[in-house]
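Trainee: any chance you can model this:
(one chain, ligands or ions: 1)
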Amino acid sequence: MNSFLDLVDRFASRQSAELAPDWRTRAGDPDSFSLHDAGSLKRVASRLGWRKPTDVGHRPRAHQFPLFMFDETEGWAIAEQFETVDAVRVVSPSFNGLREIQSGTRFYQPQLPQLNDRNQNERAINVFGRSLLLRKKVLFSAVVATVVVNLIALATSLFSMQVYDRVIPRSGFATLWVLTVGVVIALTLDFILRTTRSLMIEREAAKVDIEVSEVFFARSQAVRLDARPPSIGTMAAQIRGWEQIRGLLSSASLFLLADLPFAIFFIIVISWIGGPLALVPIVSFPLALILSWIFARLIKDDTAKAQANGNRKNGLLVEALDAAETIKANRGSWHMLARWNQLMEEVHLHEDGVKRWSSIANSLFGGLQQLAYVLIIAFGAILVSDGQMTPGALIACSIIAGRVNGPLLAQLPGLLVQWGYARSSLSGLDSLMRLPLDTAPDTEALRPAQLAPALQVSDLKFGYTAERPSVDVQRLEIRAGEKVGIIGGIGSGKSTLLRLLAGLYAPMEGQVRIGGLEMRQIAPDVLRRNIGYLPQDTRLLNGTMRENILMGLSDPGDDALMGVIDEIGLAQMVSSHPMGVDLPIAEGGRGLSGGQRTLTILTRLLLAEPQLWLLDEPTSNLDQATEARLVQSLRRRISPENTLILVTHRMNLLTLTNRLIVMNNGRIVMDGPTQAVLAKLREAQQPTQPTPPQPQPSPVKLATGA
Ligand SMILES: Nc1ncnc2c1ncn2[C@@H]1O[C@H](COP(=O)(O)OP(=O)(O)OP(=O)(O)O)[C@@H](O)[C@H]1O
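Mentor: Okay, here's the model as predicted:
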């Protein structure tokens, strides 16, 4: 154990920040950190890929605590708050108490990764806004570059004016050379500024992309399982909506928007050079803006619908690929193809609407642009012949008016279509941000050091639909160390109850407590460390077998890993593969048999050594010999203090339990010592002598083990 790393751990826990399970390994050699080395914090941050810690300075403000604190004599500590004007309360491995602020004391705020930001009301646009605000300096430089680029554009048009009015009439070639050289220098500067501006924006947009995608990906992971939308593919497409917004951020069209305010400046310059000639852009420019607004409203519905159908299309594609076996075996290809074609038609119906308006807008804006040019020249010709302006001024005005109407009008329709799709993506992301998360909103997650594996359920109701609860349990108490089996008919709610006890689903009504604490108040990583859950449908992830086994665990070393693999019965498969435990696993665990998948996840559970074991039909895919081996292994590994809750129909597994719960229709109908409940069930199944009709059996409540 390294004391500096312990301090980091403690700080993260104080901040309710979840560190990666293998963060200590990734931090590298523990001896490279020391409590008396000022560089330790920066080093740990850079090795773990966090942003650089913020140097708060010599005297932090009260709301900034807790902070890391360093001074040469005492080294690192966590500063919790001011105790007096000159002293703070600190926690360090060697000392808890007051520490004076010395002249050399520095305070630092580490930038811990806040993956599961629990602000449920945050809007997606704010996620982008926050990331952009971090780049204030770059944005400011881009604005300065835009100002200079526009001034240079003005300079080139004024150059034409000078040439026509001063150089040509007087053959002033000396002036011409000076002006030309000046303009060439200005154009070179313009080229450099434009290139740097777009490179700078592209680079920052890529960083924004990484930051923002991390937020949305982490958010999608933190969504409570029972709150996820029914189609995963559609949800995936919705999450990918950030790409559309990022595309808009870095697109060349955006620079055009940055140029928009300069249109007003250019109109002022035209009125200064050409007087009443400014009337043309004064009318054409707002007209273009009004037309853009109308156009944006016209395509709003179609872009939203095309986007929504596009997301559904993605959902169908994922489903078709994922369920290929079922589809092929049942000749479902035609059915899927029909659904696909229908969706494609709907997508095109709306995309066609957008394209139609977009073509109309393109022609209209192009026409407007040319009309404005013709009017400038015609009106200008009258003013020139009236002697109200020079021909040079007319040329300059026509060039400047081109800057007002030209590229802006040409690209506005494209930009508006892009914005239409980005807006629908934003609303998709907003609905993702509103989905409930694993932890209750607006509460500080609890991180108890010890969590007794005792469960209390009271007035629990849960349903996948609001109309019919799938689980309805008034009271259930499972003490630490109990070994409980759950049986019941298909669809009786066993798996759902187990997921509720694992904290993967949140009750609609009532409470589930673990170790006396409301489950949703506990930080998810603490919960996961204490609970080992084996789902009925065991899926593995694309990667190696080692990665799948060790996911979420600190590496126990190869000896321990191989020991468990051997114990559970996977050794033969692993040793017969040339890559051993690093054998590749395809998405979902394809390439392994159902039994091998289950054993892989069980290996992880055995290594995790949880306090509370929740196993859903662990042996449904196993043969008798492997099942017997697993029962032995579980008997050995699950200590008397550990709690076991097991959903099964296999008698062999029930020998692990000393209490049995029977479920029917989401309710507990029997609960008592395993043998007594089994005897009661056997009795109920005995063929009976013909007897007069009996009333419906009421739920039998045997002596509970609780
Ligand atoms: N994802 C879901 N969406 C909607 N309803 C569901 C979902 N999962 C389960 N149900 C319904 O909830 C009820 C309880 O299902 P659950 O899977 O808990 O039963 P079970 O007792 O574990 O069944 P089995 O022994 O077949 O695994 C069933 O009526 C089922 O139809």
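
Trainee: quick one, helices of the stretch 201-350 of the chain?
Mentor: 232-239, 242-250, 252-274, 279-322, 324-329, 333-385 (DSSP state H, counting those that start in this stretch).

Trainee: against which helices or strands is the longest one packed?
Mentor: For helix 333-385, the helices and strands in contact under the criterion 3 or more Cβ pairs under 8 Å, 6 or more residues apart in numbering; DSSP states H and E are helix 279-322, helix 324-329, helix 391-433. The way it works is simple: take the backbone N, C-alpha and C, and place the C-beta from them, glycine included.

Trainee: run the chain-centre distance for it.
Mentor: 35 Å (Cα atoms, centre = their mean, to the nearest Å).

Trainee: what angle sits between it and helix 252-274?
Mentor: Per axes from the mean of the first three to the mean of the last three Cα atoms, to 10 degrees, the angle that helix 333-385 makes with helix 252-274 is 10 degrees.

Trainee: let me know the average pLDDT across helix 333-385.
Mentor: In this model, helix 333-385 has an average pLDDT of 87.

Trainee: report back the residue of this structure that's furthest from centre.
Mentor: In the chain, Arg170 marks the outermost C-alpha relative to the chain mean, sitting 68.0 Å out by Cα atoms, centre = their mean.

Trainee: can you put the helices of the stretch 201-350 of the chain in TSV and add mean neighbour count and distance to the ligand?
Mentor: Output for these, formatted as TSV (neighbours: other Cβ atoms under 10 Å; distance: least, Cβ to the nearest ligand atom, whole Å):
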stretch	mean neighbour count	distance to the ligand
helix 232-239	20	12
helix 242-250	19	27
helix 252-274	17	42
helix 279-322	18	15
helix 324-329	11	17
helix 333-385	15	20
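
Trainee: tell me the contacts of the residue farthest from the centre of the chain?
Mentor: With contacts defined as Cβ atoms under 8 Å, 6 or more residues apart in numbering, Arg170 has no neighbours.

Trainee: quick one: pLDDT of it?
Mentor: 77.

Trainee: how about the helices of the stretch 201-350 of the chain in TSV, adding distance to Ala124?
Mentor: Shown next, in TSV, are those (distance: least, Cβ to Cβ, whole Å):
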stretch	distance to Ala124
helix 232-239	10
helix 242-250	8
helix 252-274	18
helix 279-322	14
helix 324-329	33
helix 333-385	22
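
Trainee: chain neighbours aside, what residue packs nearest to Leu249?
Mentor: Computed as Cβ to Cβ, 6 or more residues apart in numbering, the closest residue to Leu249 that is not its neighbour in sequence is Ala205, at 5.2 Å.

Trainee: ditto for Gly233
Mentor: Val318 (3.0 Å).

Trainee: and what of Pro610?
Mentor: In space, Pro610 is closest to Gly532, 3.4 Å off (Cβ to Cβ, 6+ apart).

Trainee: who does the helix or strand encompassing the one you found touch, helix- and strand-wise?
Mentor: Under the criterion of DSSP states H and E, Gly532 resides in strand 531-534. On a contact count with 3+ Cβ pairs under 8 Å, 6+ apart, strand 531-534 meets helix 594-608, strand 612-616.

Trainee: where does the residue lying closest to Ile638 once chain neighbours are set aside land in three-state SS?
Mentor: Using Cβ to Cβ, 6+ apart and skipping residues adjacent in sequence, the residue nearest Ile638 is Leu644, 5.3 Å away. Three-state assignment for Leu644 (DSSP: H, G, I helix; E, B strand; the rest coil): strand.

Trainee: wait, Leu644 touches Ala480, no?
Mentor: No: applying Cβ atoms under 8 Å, one finds Leu644 not in contact with Ala480, separated by 11.1 Å.

Trainee: okay, these two: which has more neighbours?
Mentor: Leu644 (22 against 16; other Cβ atoms under 10 Å).

Trainee: which parts of the stretch 401-550 of the chain sit against the ligand?
Mentor: Listed as neighbours of the ligand in the stretch 401-550 of the chain under the rule Cβ under 6 Å from any ligand atom: 464, 470, 488, 490-496, 536.

Trainee: filter the residues you listed down to the buried ones.
Mentor: 470, 488, 492-496, 536 (16 or more other Cβ atoms under 10 Å).

Trainee: so of those residues, which ones are in helices?
Mentor: Per DSSP state H, helices hold the following members of those: 494-496.

Trainee: quick one: His58 and the ligand, what's the gap?
Mentor: His58 sits 56 Å away from the ligand, going by Cβ to the nearest ligand atom, to the nearest Å.

Trainee: need the contact list for that residue.
Mentor: Taking Cβ under 8 Å, 6+ apart, we find His58 in contact with 101, 103, 105-107.

Trainee: quick one: strands adjacent to the helix or strand where Ile668 lies?
Mentor: Following DSSP H and E, the helix or strand that holds Ile668 is strand 667-673. Paired neighbours of strand 667-673 in the sheet (DSSP bridges): strand 659-664 (antiparallel).

Trainee: for the ligand, what are the nearby residues on the stretch 51-200 of the chain?
Mentor: Checking the stretch 51-200 of the chain against the ligand by Cβ under 6 Å from any ligand atom, there are no hits.

Trainee: can you pull out the helices in the stretch 51-200 of the chain?
Mentor: Under DSSP H, counting those that start in this stretch, the stretch 51-200 of the chain gives helices at 124-133, 136-162, 168-170, 173-222.

Trainee: how far away is Leu48 from the ligand?
Mentor: 37 Å.

Trainee: scratch that, Ala502 is what I was asking about
Mentor: 12 Å.

Trainee: report the contact partners of that residue.
Mentor: 531, 533, 614.

Trainee: please apply the same query to Ala410.
Mentor: So Ala410 contacts 365-366, 369 (Cβ under 8 Å, 6+ apart).

Trainee: now swap in Ala308 and tell me
Mentor: 424, 428.

Trainee: surely Thr439 touches Ala523?
Mentor: Yes: counting by Cβ under 8 Å, Ala523 is a contact partner of Thr439 at 6.9 Å.

Trainee: flag the shaky bits of the stretch 351-500 of the chain, pLDDT-wise.
Mentor: 406-408, 440-444 (pLDDT under 70).

Trainee: can you do 80?
Mentor: Within the stretch 351-500 of the chain, the set of residues satisfying pLDDT under 80 comprises 403-414, 438-447, 449, 466-467.

Trainee: and the stretch 201-350 of the chain, by the same measure?
Mentor: For the stretch 201-350 of the chain (pLDDT under 80), the answer is 230, 246-261.

Trainee: go again with 70.
Mentor: Ranges of the stretch 201-350 of the chain meeting pLDDT under 70: 250-256.

Trainee: likewise the stretch 51-200 of the chain?
Mentor: For the stretch 51-200 of the chain (pLDDT under 70), the answer is 114-121.

Trainee: recalculate using a threshold of 90.
Mentor: 51-52, 56-66, 72-74, 80-98, 100, 102-104, 110-183, 186-187, 190, 193-200 (pLDDT under 90).

Trainee: now do the stretch 501-650 of the chain
Mentor: Those would be 519-529, 536-544, 547, 550-561, 568-596, 619-626, 649-650, if you go by pLDDT under 90 across the stretch 501-650 of the chain.

Trainee: which residues touch the residue of it found nearest the ligand?
Mentor: Closest to the ligand within the stretch 501-650 of the chain is Gln536: 5.8 Å, counting by Cβ to the nearest ligand atom. Applying Cβ under 8 Å, 6+ apart, we find Gln536 in contact with 495, 616-617, 620, 647.

Trainee: what about burial for those, which qualify?
Mentor: 495, 616-617, 620, 647.

Trainee: how about the residues you listed, which pair is most distant?
Mentor: Ser495 and Ser620 (11.5 Å; Cβ to Cβ).

Trainee: kind regards, and thank you for your time.
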